[in-house]
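Undergrad: Sequence and computational prediction follow.
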Amino acid sequence: MSRPSQHRVLPGFRLSLGYTWFYLGLVVLIPLSSLFLRTFSLSWEVFWGTVTTSRALAAYRLSFGASLAAALANAVFGLLVAWVLVRYRFPGRDVLESLVDLPFALPTAVAGLTLTTLFSAKGWYGRHLEALGIQVAYTSVGVAVALTFIGLPFVVRTVQPVLEGIDADVEEAAATLGATPWQTFRRVLFPAIFPALLSGFTLAFARALGEYGSVVFISGNMPLRTEIVPLLIVTRLEQYDYAGATAIATVMLAASFSLLLAVNLLHRWSHRRLEARPGA
Amino acid sequence: MPPSTLVLRRRARGLNGPAFVRWGLIGAALLLLGVFLVVPLVAVFTFAFQKGWAAYVASLTNPASLAAMRLTLLAAVIAVPLNLVFGLAAAWLIARYRFRGRALLMTLIDLPFSVSPVIAGLIFVLLFGRQGWLGPWLAEHDLRVIFSVPGIVLATVFVTFPFVAREVLPVMEAQGSGEEEAALTLGASGWRTFLRVTLPKVKWGVLYGVILCNARAMGEFGAVSVVSGHVRGVTTTLPLHAEILYNEYDLAGAFAVASLLTLLALVTLVVKKFVEWRSQPS
C-alpha cells in the first residue's frame, strides 16, 4: 500500500465521508440511540425493578448458561473440524469445507424448525434419545443444541487460517528434538492457535446471546424454565410493556458490547504477540 | 505458495500421529458435521415432500405463500442495493484515506452484528410504534411503519447493514490505489476512475458481500418478527410464513417454505465458493 499521506490525491473524500456518516447515522445510530434515550427516561428504581424480576433473572441464567455451553462445545468441535480440514485429505473434504458455513447461510427459523422436528419425541434423533431417557426438545439442552448449531462456523473460520499459516518446519524442529506428536500439538501448535480459538469462542458466545430464530422453536418458551432473554423482550413488547422490553434490551446490549470490546482487545493482543515474535 | 513449502507441508502431515489418530479425528469430524449439517439438510427436503409433489407445489403456490415470497423479495431488493452503495462508499473512504474517527467508524459499521435481532426490531418499534417518538406524528398523517411493510424493510436494512462494507473493505485495502492515481493523471474524472478502475478491481469482493447480504435479508427472522405483527399474506415474509404454518401444525407446508429458504442458502454457499475460487491469486 502506498503512503497514507498520498491518499488525499484521490477525489471523493468529502462525498464518501459525508455519505458514510449520514447513512450510518440514519440507519444505525439514530435508531439505536432511541433505545438508550428510552432507558434514560426510566427512573433507576423502575429500571432496576424491571431487570431483576425473578423471570428476568431466570432468563439471564438460561441465556448465559446455554450460550456458554454452546460456545465451549463450539471451541472443541471447531478446533477438531478446522484441524481435520487443514491437515487431512479425504473424500468429500471440499463439500464439507463449504458446508461448514451452512449455519451462517441458513435462515435461523429454518434451523429452528428442523432441529425441533429432529429432536422432538418422535423425531429422527429424539426417538433414540428418548429411549435413553434424554429429552432435548423443549428443555434447556435443546436451547444449547440450537445455539451450538448457530455458532459452529465461528471457531472453524477463525482457527483455520492460523493453522494453515503455521510453518511446517516449526513442527519438524519439534519432532527432530524428540517431541511426540501430542507434545508438539500441546506445546507448539496450541499456543499459536489459542488467540484465534479464544476470539472464535467469544464471537460464538456473543452470537448465541442474541440469537432468537433458531431457539424459539426448540425451547418451548416456558417462563422461568426455558425462556431466553430475547424471547422475554418479545413477550414484554407483545404486552405493550415498552419500558420492560427496553430495560432488559439495554442490559443485553451492554453485555454484547462488552463482548465485542473483548474481541477487539483480544485481536490487538494477539497481533502484538505475533509482531513481538522474532522473525514473524 | 512456492512448491518447496508444499513439499514440506506434505511431509509435516506425517507428524500428525499414527493412522488411527488421523482416522479417528476424521471420523469424529465427519460424524459431527453429518449429525449437525447433513442430516438436517436431508430432513428439510424429506419433511417438505412427505405429502408428495402435488401438496408441495400447492403449499408454495397458495396466495399467502406467494405474498410472503413477494414481500421477502421486496425487502431484499430494497435492502441490498442500499447497503451496496453504502458499502462501496464506506470501503472507499476507509481504505483510501486516513482521517480522524476512522477507527471509530470501523467499529460502528460492525455494530448491527452485535445487536440481537430482537433488539434490532425493538429500536424501530421505539421510534415508529404507537408509543414511539414518531408514533403520534405518523398516526396524524395516517402512516404506518410498524406492523406494516416499511417496518419490515427498515429492520432488514439494519440487520444487513455491515455485510458489503465488511467484504469490500479488505479487498480494496489489499489492492492499493496506484492504478486509480494513474487513471487520474491520464485525465479520467473521479467517477470514471471509480467505475472503470476501482469497481472492476473489487468486483469479487462486492459479489461476495452482496450474496451474504442477500441471504441474510431474505432469511432474517427475529428483527422482522418483532416489527411485522404477523398479518397473514400482508406482513409475513417467508421465514415468518414458515413459522405460522408450523404453529398451525401444517408441518409439510412449513417445511415446503423452509425448503425454498434452504435452497437459497445452498445457492449462497455455491456462489460463495465460486467467488473464493475466482478471487484466489493463481
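TA: Received the coordinates, thanks.
Undergrad: can you point me to the longest helix in chain B?
TA: What stands out as the longest helix in chain B, according to DSSP state H, is helix B:63-96.
Undergrad: buried residues in that one?
TA: Neighbour counts over helix B:63-96 (16 or more other Cβ atoms under 10 Å in any protein chain shown) mark B:64-65, B:67-69, B:71-72, B:75-76, B:78-80, B:82-84, B:86-96 as buried. (Each C-beta comes from the backbone N, C-alpha and C, glycine too.)
Undergrad: swap in stretch B:22-37?
TA: In stretch B:22-37, counting by 16+ other Cβ under 10 Å, buried: B:R22, B:L25, B:I26, B:A29, B:L30, B:L32, B:L33, B:F36, B:L37.
Undergrad: got it, and stretch A:116-128?
TA: Those would be A:T116, A:T117, A:L118, A:F119, A:S120, A:G123, A:Y125, A:G126, for stretch A:116-128 by 16+ other Cβ under 10 Å.
Undergrad: Excluding chain neighbours, give the residue nearest to the spatially most central residue of chain A in space.
TA: In chain A, the centroid-proximal residue (Cα atoms, centre = their mean) is A:A204; its distance is 1.9 Å. Nearest non-adjacent residue to A:A204, counting by Cβ to Cβ, 6 or more residues apart in numbering or on different chains: A:G151, 3.4 Å away.
Undergrad: tell me what the helix or strand harbouring that neighbour is packed against?
TA: Using DSSP states H and E, A:G151 falls within helix A:140-165. The contact analysis (3 or more Cβ pairs under 8 Å, 6 or more residues apart in numbering or on different chains; DSSP states H and E) places helix A:140-165 against helix A:54-87, helix A:102-105, helix A:108-119, helix A:190-210, helix A:213-219.
Undergrad: looking at the ones you listed, which is closest to B:W204?
TA: helix A:102-105 (17.8 Å; Cβ to Cβ).
Undergrad: number of nearby residues for the residue in the stretch 151-280 of chain A positioned nearest to chain B?
TA: Scanning the stretch 151-280 of chain A for proximity to chain B using Cβ to the nearest Cβ identifies A:G210 as nearest, at 2.9 Å. A count of nearby residues for A:G210, using other Cβ atoms under 10 Å in any protein chain shown, gives 25.
Undergrad: And for B:G176?
TA: For B:G176, using other Cβ under 10 Å, the count is 14.
Undergrad: And for A:E45?
TA: Count around A:E45 with other Cβ under 10 Å applied: 8.
Undergrad: so which helix or strand takes in it?
TA: Assigned by DSSP H and E, A:E45 belongs to helix A:44-51.
Undergrad: And the residue of chain B positioned farthest from its centre, how far from chain A?
TA: In chain B, the greatest distance from the average C-alpha position (Cα atoms, centre = their mean) is reached by B:P18, at 41.5 Å. To chain A, B:P18 is 8 Å away according to Cβ to the nearest Cβ, to the nearest Å.
Undergrad: Distance check, that residue against A:A175.
TA: Distance of B:P18 to A:A175, computed by Cβ to Cβ, to the nearest Å: 14 Å.
Undergrad: repeat for A:K122
TA: Taking Cβ to Cβ, one finds A:K122 at 52 Å from A:A175.
Undergrad: what's the closest non-adjacent residue to A:A192?
TA: What sits nearest to A:A192 in space, not counting adjacent residues and going by Cβ to Cβ, 6+ apart, is A:I166, at 5.8 Å.
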